[in-house]
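Engineer: I would like to see how this sequence folds:
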Amino acid sequence: MITELFILNGYGLFVWSAFIFTFVSCFTLYLKTKKELKKQEAIFLIEYKQIPETKAEVIKKEILPGSTVY
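Structural biologist: Residues are numbered from 1 along each chain as shown. Model prediction:
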């Protein structure tokens with residue numbers, strides 16, 4: 001009964017190879033995306049972490065006009 005699941009009436013080789021190919025492709029895409037995200041986060045932190053506080057307050061006031069800023 002278990003072997004029938006793997007054989008799939010003679011189509012098992014095609015089905016399982018396609019499944020494995022799809023899984024490996026998606027996993028590779030995930031790893032590349034994660035690596036690129038970490039790279040972009042590092043660039044973002046280097047560029048925007050050093051904003052002076054006075055400039056940050058001005059930005060907050062520009063974004064939320066009419067609201068109180070504590």
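Engineer: Quick check: pLDDT value at Ile63.
Structural biologist: Ile63 carries a pLDDT value of 60.
Engineer: Okay, now the unreliable bits of this structure?
Structural biologist: Scanning the chain for pLDDT under 70 picks out 50-70.
Engineer: all helices of it, in order?
Structural biologist: Using DSSP state H, the helices of the chain run over residues 2-7, 12-48, 53-63.
Engineer: any chance of these in TSV, plus mean neighbour count?
Structural biologist: The way it works is simple: take the backbone N, C-alpha and C, and place the C-beta from them, glycine included. Compiled in TSV, those are given as follows (neighbours: other Cβ atoms under 10 Å):
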stretch	mean neighbour count
helix 2-7	9
helix 12-48	10
helix 53-63	10
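Engineer: Look up how far Trp16 lies from Leu29.
Structural biologist: Going from Leu29 to Trp16 by Cβ to Cβ, to the nearest Å gives 20 Å.
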